[in-house]
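Participant: 3D model of this:
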Amino acid sequence: MHHFSKLFVGIFVVGFLFSPEVLARKIIFSKNNFKAETDGSVELIQNYLNNVIDLNQDKGDDEFFPAAQYMGNVDLIYSGLPLGYGDIVLHGMAERKGRLGYAANLAKVDISTTREIARYHILSQDMFPRLRELSLTTPLFIKGLKTTLGLHKYYSIGWTTQLFGIKDSNYGATVTYTHPLKESSLVYNFHWDKPDFNSKWRMQFKRPTMENNEATNHTNANRFTTDLSYYWKSNVLQAMVSGLWDRTKLGKRLIAFFDNLTVKKEFVGNVGGSWVQYLGKDWTLFLEGAKNFGEISNTGTGGGGGNVEHEGWMTAVKLAFTPPVWIQPSFKLFYFSGNDVSMDDVRTGNTNSIGTNKGYIGGYSLGNENLADTINTPISGGFPMLSMAGLHGVMKGVLRPNSFADPTAKENLLLTQASFNFSLAKDLTFILDFFDMWAPNPGYGQFATSDYQKLSGHLGTEANLILGYPIWGNLKATMLSAYFLPGRYYYENNNRIDTDPLSFSPKVGSENPDAAYSTEVSLKWTF
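Facilitator: Below you'll find the model as predicted:
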């Protein structure tokens with residue numbers, strides 16, 4: 001805590017001395033058609049969690065720990081091309097975060113009842129920067145056509161960001177063509193990347209020891225997506241097809257759900273679309289859907305000797321009302337399909353009799369969960385911050401029924417949300433979100449009085465509060481708070497006697513489940 005206290009004081013001092021006004025990107029060099037721009041941020045976070053690990057009110061598991069992260073961008077820009085062709089941009093970004101895209105924890109953190117994460121030492125190599133993005137964007141031979149090569153992000157598909165799971169920077173190429181029409185435009189993208197490249201190279205001075213167990217350096221996969229977007233007035237219609245081709249050797253794969261398969265290769269595709277339609281009088285409708293295809297090639301006798309077909313799907317609906325008044329509500333519904341297990345599967349601890357993967361895949365696959373760290377960074381806005389591990393400084397949530405044994409997975413989930421954005425003062429961010437969560441396939445539990453029986457699908461409700469205010473120039477304070485009230489699924493765990501052989505239906509809160517609470521207070525200085 002001592003180091004963190006000094007850091008908090010330091011960032012306040014720097015903010016007050018050097019942030020008399022909010023600045024745009026800073027131009028550090030400009031001559032003729034060349035210029036260099038830079039920006040960045042430093043963020044210090046204080047986290048408090050209560051009852052998150054096991055929902056057990058009789059067991060003290062409060063945590064109070066600091067975290068930090070920083071990043072900086074530099075762009076070298078040439079703007080001397082003929083009118084309409086755009087600029088040539090060499091982009092670089094270095095950052096320091098912690099494990100799995102969360103902020104670097106500056107104290108030990110318990111992420112389960114049996115596992116903890118060592119702290120990043122603030123005055124050591126642990127906090128040295130890592131080169132995260134290095135790319136060249138250049139126009140091609142015709143107006144509106146450009147390409148980006150190198151380490152870069154691509155996540156432009158859909159309003160939920162769940163159609164194609166890129167939230168990390170990977171080595172690849174993107175080609176974009178923009179065709180202007182009268183009062184509208186067409187935009188076509190093709191993207192390819194190598195999901196494991198960045199993690200293999202670890203472009204930093206030394207890999208922090210607490211990241212050694214991230215299984216990101218053994219994959220051999222390629223991904224692509226192609227999408228077409230039509231923009232008119234305040235509306236947009238998008239269609240996309242994506243694919244993941246994975247030829248990782250069997251011994252280098254992490255396969256938990258289909259654990260006895262002999263996997264030689266896998267292809268998982270995704271076809272879907274997104275539509276945003278302005279309805280008039282400040283109402284906007286958002287629709288999105290996708291369907292998986294492809295298969296895991298099983299060359300052995302596990303799972304009955306057959307391949308595993310991908311048949312997952314998702315759909316999402318949002319209705320937003322944005323009048324120029326002090327409150328703007330929106331309402332969302334998400335459905336992500338999931339696998340189901342039979343009573344016999346639970347008895348034997350075997351899921352390999354399932355010849356179809358019905359769990360939705362927007363990013364990494366059940367055929368190789370090692371890809372999770374390079375494809376599907378867990379933090380994702382618009383979902384419950386506590387139960388789905390959506391806070392920036394906390395790498396844990398509440399386990400629930402799904403094939404990945406991962407609280408961040410968008411799979412086997414029915415989620416409704418009511419959100420209210422308040423405009424109470426200039427520059428004040430004030431958002432209230434309310435969620436209700438269900439597992440369409442909750443699985444089975446063993447009970448002393450009735451042997452095995454199907455569990456309740458109600459996971460619980462959660463309230464999130466987001467507050468933010470620029471306290472001085474470029475220095476902004478933010479508070480993220482979340483309160484999770486367990487549903488019937490967790491109360492049924494009181495009487496379960498099974499040892500959870502599949503981890504599909506995890507036992508959480510096995511003794512007197514109670515509400516969980518978390519809050520995150522941060523200071524962020526942008527420059």
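Participant: low-confidence bits of the stretch 201-350 of the chain, can you list those?
Facilitator: For the stretch 201-350 of the chain, residues meeting the criterion pLDDT under 70 lie at 201-207, 209-218, 300-305, 349-350.
Participant: let me know the pLDDT of the most far-flung residue of the chain relative to its centre.
Facilitator: Distance from the C-alpha centroid of the chain peaks at residue 32, with 41.0 Å (C-alpha atoms, centre = their mean). Note on residue 32: pLDDT of 91.
Participant: enumerate every residue touching it.
Facilitator: By C-beta atoms under 8 Å, 6 or more residues apart in numbering, the contact set of residue 32 is residue 80. Placement of C-beta: from N, CA and C, glycine included.
Participant: what does residue 103 give?
Facilitator: Contacts of residue 103 (C-beta under 8 Å, 6+ apart): 43, 45, 67-69, 97, 392-393.
Participant: narrow these to just the buried residues.
Facilitator: Neighbour-count burial (16 or more other C-beta atoms under 10 Å) applied to these gives 43, 45, 67-69, 97, 392-393.
Participant: sorry, back to before: out of the contacts of residue 103, which one has the lowest pLDDT?
Facilitator: residue 393 (75).
Participant: separation between that residue and residue 66?
Facilitator: 8 Å (C-beta to C-beta, to the nearest Å).
Participant: shared neighbours, these two?
Facilitator: Residues touching both residue 393 and residue 66 (C-beta under 8 Å, 6+ apart) are 45, 47, 105.
Participant: so which of those residues belong to strands?
Facilitator: Within the shared contacts of residue 393 and residue 66, membership in strands is found for 45, 47, 105, as judged by DSSP state E.
Participant: and the second one, bridged to which residues?
Facilitator: Beta-bridge pairing of residue 47 under DSSP bridges involves residue 65, residue 520.
Participant: state the distance from it to residue 56.
Facilitator: From residue 47 over to residue 56 (counting by C-beta to C-beta), the distance is 20 Å.
Participant: go on, the last one?
Facilitator: With distances taken as C-beta to C-beta, residue 105 is found 23 Å from residue 56.
Participant: out of those two, which sits in the more crowded spot?
Facilitator: Legend: neighbour count by other C-beta atoms under 10 Å for residue 105 and residue 56, higher for residue 105 (24 against 18).
Participant: partners of that one in the sheet?
Facilitator: Residues in beta-bridge contact with residue 105 (DSSP bridges): residue 67.
Participant: need the contact list for it.
Facilitator: With the criterion set at C-beta under 8 Å, 6+ apart, residue 105 makes contact with 65-67, 98, 117, 119-120, 393, 395.
Participant: check which helix or strand residue 288 maps to.
Facilitator: strand 283-298 (DSSP states H and E).
Participant: then residue 386?
Facilitator: Residue 386 belongs to no helix or strand, assigned by DSSP H and E.
Participant: from what I can see it touches residue 518, true?
Facilitator: Yes - at 4.9 Å, residue 386 counts as touching residue 518 under the criterion of C-beta atoms under 8 Å.
Participant: what is in contact with the two at once?
Facilitator: Common neighbours of residue 386 and residue 518 (C-beta under 8 Å, 6+ apart) are 52, 482.
Participant: if you count neighbours, what's buried in stretch 71-78?
Facilitator: In stretch 71-78, counting by 16+ other C-beta under 10 Å, buried: 71-73, 75, 77.
Participant: mind listing residues that contact stretch 130-142?
Facilitator: 71, 81, 85-96, 145-153, 169, 175, 198, 202-204.
Participant: returning to that earlier point: tell me the one of the contacts of residue 105 nearest residue 430?
Facilitator: residue 393 (20.9 Å; C-beta to C-beta).
Participant: quick check, the closest one in contact with residue 99.
Facilitator: No - using C-beta under 8 Å as the test, residue 393 is too far from residue 99 to be in contact (11.3 Å).
Participant: any idea which helix or strand carries residue 269?
Facilitator: strand 263-280.
Participant: dump that strand to PDB, restricted to CA.
Facilitator: What follows is strand 263-280, C-alpha atoms only, in PDB (Å, rounded to 0.1, in the frame of the first residue of the first chain):
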ATOM      1  CA  VAL A 263      -7.500 -33.400 -32.400                       C
ATOM      2  CA  LYS A 264      -5.400 -32.900 -35.500                       C
ATOM      3  CA  LYS A 265      -7.000 -29.700 -36.800                       C
ATOM      4  CA  GLU A 266     -10.100 -27.600 -36.400                       C
ATOM      5  CA  PHE A 267     -12.000 -25.100 -38.400                       C
ATOM      6  CA  VAL A 268     -14.600 -22.900 -36.800                       C
ATOM      7  CA  GLY A 269     -16.500 -20.400 -38.900                       C
ATOM      8  CA  ASN A 270     -19.000 -17.700 -38.100                       C
ATOM      9  CA  VAL A 271     -21.500 -16.000 -40.300                       C
ATOM     10  CA  GLY A 272     -23.600 -13.200 -39.100                       C
ATOM     11  CA  GLY A 273     -24.800  -9.600 -39.400                       C
ATOM     12  CA  SER A 274     -25.700  -6.500 -37.600                       C
ATOM     13  CA  TRP A 275     -28.300  -3.800 -38.200                       C
ATOM     14  CA  VAL A 276     -28.700  -0.300 -36.600                       C
ATOM     15  CA  GLN A 277     -31.900   1.500 -37.600                       C
ATOM     16  CA  TYR A 278     -32.900   4.900 -36.500                       C
ATOM     17  CA  LEU A 279     -36.700   4.800 -35.800                       C
ATOM     18  CA  GLY A 280     -37.300   8.500 -35.400                       C
END
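Participant: many thanks, have a good one.
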